[in-house]
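> just the structure for this:
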Amino acid sequence: MPDNVKTIPSDKLQLLDFEVGGHCYGININKVVEIMMRRELAPIPNSPEEIEGVFMPRGELITVVDLHKVLNLEEDKNERGLFIICQFNGMETAFHVDKVNGIHTTAWSNIEHPPKMAVHSEDTIATGIVKSDGRVIIILDFERIIAELNEGKPLDLSGVEALQNLSVGYSEKHIVIVEDSDFLNRMIVGSFSDIGFKNISSFNNGKDAWEHLSKLKDGGDVSNQVAAIVTDIEMPQMDGLRLTALIKSDEQLKAIPVFIFSSMLNDNMREKAKAVGADGQFSKPQLGTLMQELVKILR
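Numbers count the residues shown, from 1 in each chain. Modelled structure (predicted):
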């Protein structure tokens, strides 16, 4: 790890700890807008069973997703129920849960990826697991939940068709993808492959990506080996901001373009990404825009 780490952000995460069907789950507090008591909803005809309905708490229409239906769990009849209103991917969505336990602060390094023996990685909607006071808190892949309810369209690939010819000559360029959602990771890698890139390495946390880059340094000029890095922010073991700061504070790596691709890019997060040296910031699901900028830089 480089000596110059003064700009590296704190390796801390605040999770909102909540329960559904007697089990503990978590979401990054930065995604939470508001928590309110459950209330009457207007049902939407012919909607998926996971969509409980809509309401207008502040004059803005918000869809409510019933996490009991998503997770195949029984609702706790002893609890009145709560709505956790979250904002990511440019929109607000409410999630119906049984109760909220509070905010749990932990280090990113304490978050583990779900073990392969416990789940089939392509099917899981968990991105991480953390232990707290003898309990296990499962961090859910909310982006995947919303994508699957939105006809399975998690990424906007507008403009990608025009890149087919532009990528000719760059197909051997090494692209590094860092995304903790196995679902989105596969889709991002597939999108780069579709326009001709053949040399792609993908990781589901910043720590493994950093170790990969560190090994490449032993082989010479890494900036000639790695053309660009695309990283999420919220990830187990090491988040994307810390990974970016490590790269940009390393003399051998700092010339490599790093693109942040996250559902958490509010004004505060954009300032943090800029402070650690990110070369570009793109909100999910705008992958097509990111890919156009990446190819433009490679040209």
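
> C-alpha from now on. contacts and neighbour counts both.
Noted.

> can you list the low-confidence ranges for the stretch 1-150 of the chain?
1-10, 116-123 (pLDDT under 70).

> quick one: the strands in it, in order.
12-20, 23-28, 32-37, 51-55, 62-66, 82-88, 91-97, 99-107, 126-132, 135-140 (DSSP state E, counting those that start in this stretch).

> of all the ones you listed, which lies closest to G280?
Set against G280 and scored by CA to CA, the strands of the stretch 1-150 of the chain come closest in strand 82-88, at 18.4 Å.

> which residues of the protein fall in helices?
With helices called from DSSP state H, the chain shows them at 67-71, 142-149, 163-166, 182-194, 206-217, 222-225, 240-248, 267-275, 287-298.

> who's in contact with the residue sitting furthest away from the middle of the chain?
Here the chain reaches farthest from its C-alpha mean at N78, the gap being 33.0 Å by CA atoms, centre = their mean. By CA atoms under 8 Å, 6 or more residues apart in numbering, N78 lies in contact with nothing.

> so it versus Y25, what's the distance?
Going from N78 to Y25 by CA to CA, to the nearest Å gives 18 Å.

> do the same with E148
19 Å.

> show me which of these two is the more surrounded one.
Between E148 and Y25, counting by other CA atoms under 10 Å, Y25 is the more crowded of the two (22 against 12).

> surely the more buried one meets E19?
Yes - the pair Y25 / E19 is scored as a contact, 5.9 Å apart, by CA atoms under 8 Å.

> ok, back up a step: can I get the helices of the chain in a markdown table with distance to I85?
Formatted as a markdown table, the helices of the chain follow (distance: least, CA to CA, whole Å):
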| stretch | distance to I85 |
| --- | --- |
| helix 67-71 | 13 |
| helix 142-149 | 12 |
| helix 163-166 | 37 |
| helix 182-194 | 22 |
| helix 206-217 | 28 |
| helix 222-225 | 42 |
| helix 240-248 | 24 |
| helix 267-275 | 19 |
| helix 287-298 | 25 |
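
> most packed of those helices?
A comparison of these by mean neighbour count, using mean count of other CA atoms under 10 Å, puts helix 240-248 on top with a mean of 26.

> roughly how far is that helix from the heart of the chain?
16 Å (CA atoms, centre = their mean, to the nearest Å).

> just the CA atoms of it, as PDB, please.
Extracted in PDB, the C-alpha atoms of helix 240-248 (Å, rounded to 0.1, in the frame of the first residue of the first chain):
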ATOM      1  CA  GLY A 240     -14.600   2.200  -4.500                       C
ATOM      2  CA  LEU A 241     -13.600   5.600  -3.000                       C
ATOM      3  CA  ARG A 242     -10.700   4.000  -1.100                       C
ATOM      4  CA  LEU A 243      -9.700   2.000  -4.100                       C
ATOM      5  CA  THR A 244      -9.600   5.100  -6.200                       C
ATOM      6  CA  ALA A 245      -7.600   7.000  -3.600                       C
ATOM      7  CA  LEU A 246      -5.000   4.200  -3.400                       C
ATOM      8  CA  ILE A 247      -4.700   4.100  -7.200                       C
ATOM      9  CA  LYS A 248      -4.300   7.800  -7.500                       C
END
